[in-house]
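Asker: requesting a structural model of the entry that follows:
(3 chains)
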Amino acid sequence: MLTAPHRLRDSESFRVAVRRGRRSGSRTLVVHLFTPGVEDAGDSSSPVRVGFVVSKAVGNAATRNRVKRRLRHLAREHVSSLPGSAVLVVRALPDSAAATYAELGADLDRCLGRVLVA
RNA sequence: UGGGCUGGCCGGGCGACCGCGUCGUCUCCUCACGGAGGCGCCGAGGAAGGUCCGGGCUCCACAGGGCGAGGUGGUGGGUAACACCCACCCGAGGUGACUCGCGGGACAGUGCCACAGAAAACAGACCGCCUCCCGGCUCGCCGGGCGGUAAGGGUGAAACGGUGGUGCAAGAGACCACCAGCGACCCGGGCGACCGGGUCGGCUCGGCAAACCCCACCUGGAGCAAGGUCAAGAAGCCCGGAGUCCUCGGACACCGGGCGCGCGCGCGUCUGAGGGCUGCCCGCCCGAGUGCGCGGGUAGACCGCUGGAGGCUGUCGGCAACGGCAGCCGUAGAUGGAUGGUCGCCCCCGGGACGCCCGCAAGGGCCCCCGGGACAGAACCCGGCCUACAGGCCAGCCCGUCCG
RNA sequence: GCCCCGGUACUCCAACGGCAGAGAGAGUGGUCUCAAACACCAUCCAGUGUGGGUUCGAAUCCCACCCGGGGCA
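Answerer: This is a model prediction of the structure:
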């Protein structure tokens, strides 16, 4: 689980991450990672922030909550490996509703690996 | 023992590790705001759901009357209130326990009843039946006419009471008996809906109001993004539309709208601007500001925010719903939205199979492996309704079978 | 949180409570053409989102549910 400072909670940051960040997808989810450059980062001390997008196509409220909780728990493992002041948005696809915790973890690892190579 | 009816209840349990949120407390960092960490308590539901009703709460409004609109619809209770619940009545279904019913009014009026049929609502008469008259005749009849009838025909969802008899030219509630139905009155029972009995009457009168409508009763508007406090802010913000440029990500200017404030103009301050009575009118009330245009700021934090028509137990009243009294309990408050993740054991269900046990057998039990365990996530709070739901527990009752 | 529309053939859409359903496009088969397009003719495709009720009779009226779209704060 993520503590409060690591939560992404304003829609502008979501838009920036989704539009300008590096993207990688899998069957169950899509990852957007935005790492601000030197000129963009006003204060380099801001923490890594993570947000989630789980649309109604995934399922009803209980299902969406479960997916979101699993993703939050998984994303916690990656916070320390991300560069400072990075913004990560994880978008859940409809197949994520039926995926197990291990499958979601594998997909998140693979996508984050691809995004972080560059 | 098999099948069924009704009511109530549960919604996996225990443990380990890693985590999240509110509150409390301690420690540390910071000038401060605040932040980090440790410990402790608590942390989704029976439907939290759909948003179909009813309330609480908040703001606005509120002399009264009329028209309109919407809702409810057997009776009597319960309740803060209801379209909910309970009991009863009536009707329908079931052998029964029991279930189901938008269950007022069709002599206040208007409207509709397709097709078929002679005729579809007020009686009328197509084929028939019959007296009489005229004509014909093969004289048992045939044709025509003035009339009388409504038993029979067949259509339809529905055809103007049913059966039997008297009666008649033929017939008919024309008359009689019984039955069904309608109305009036009387007696008895019930708070009442209504029920039981009797007398009399005309002797009979279709359905649809989830068609307009009539009757009785009820209904002010909005909603916690209500509403309030503080901060920021004399500066160009947000939303929608369409356009130009372009490095296709954005930038720029235009039009319309939104809110605090500033400026200008108009109309006004008791001879009344404007507003309200949230559908309209009369009428009434409030009232010192208000309408328009131009410029164009902020959209953050906190309160509201959880103790309430609260729950449990006992007792009393009541057929019951429910109510009175006493005692005990203290129970989520997030805001990109906490209550989770991964395992182990147990429980339940399904499948498989080595072995073991019981049994003549069908089969049953133990152990092992695999898979599964629903519907679904609080967002101001309650009372209901409706809808979804794996599996399970308890109680009462009905019908059948067997044994005594 | 509050509220409003809509659901009929493959598609777009009509249908006073009355034969259960019109039209256009698309499709199919013909005519025309060397072949096609166009045009013309014929034909096929629905049981009206689901369930229940009122009625003699329901796409239509009423109730509940499902799905889709939209608006306001």
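Asker: name the nearest residue to residue A:103, ignoring sequence neighbours.
Answerer: In this structure, residue A:103 finds its nearest non-sequential neighbour in residue A:28, 6.6 Å apart by Cβ to Cβ, 6 or more residues apart in numbering. Every C-beta, even on glycine, is put in place using the N, C-alpha and C of the backbone.
Asker: that neighbour: how many residues sit nearby?
Answerer: When neighbours are defined as other Cβ atoms under 10 Å, residue A:28 has 22 of them.
Asker: these two touch, right, residue A:89 and residue A:22?
Answerer: No. Applying Cβ atoms under 8 Å, one finds residue A:89 not in contact with residue A:22, separated by 11.1 Å.
Asker: neighbour count winner among these two?
Answerer: Using other Cβ under 10 Å, the more surrounded residue of residue A:89 and residue A:22 is residue A:89, with 23 against 15.
Asker: check which helices and strands the strand or helix carrying that one sits against.
Answerer: Using DSSP states H and E, residue A:89 maps to strand A:87-92. With contacts defined as 3 or more Cβ pairs under 8 Å, 6 or more residues apart in numbering; DSSP states H and E, strand A:87-92 has these neighbours: helix A:11-20, strand A:29-34, strand A:49-54, helix A:61-76.
Asker: for those, give me a markdown table that also has distance to RNA strand B, mean neighbour count and mean pLDDT.
Answerer: Listed next are the helices and strands packed on strand A:87-92 as a markdown table, based on distance: least, Cβ to the nearest atom of the strand, whole Å; neighbours: other Cβ atoms under 10 Å; pLDDT from 0 to 100:
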| stretch | distance to RNA strand B | mean neighbour count | mean pLDDT |
| --- | --- | --- | --- |
| helix A:11-20 | 3 | 14 | 64 |
| strand A:29-34 | 11 | 22 | 82 |
| strand A:49-54 | 5 | 21 | 79 |
| helix A:61-76 | 4 | 16 | 82 |
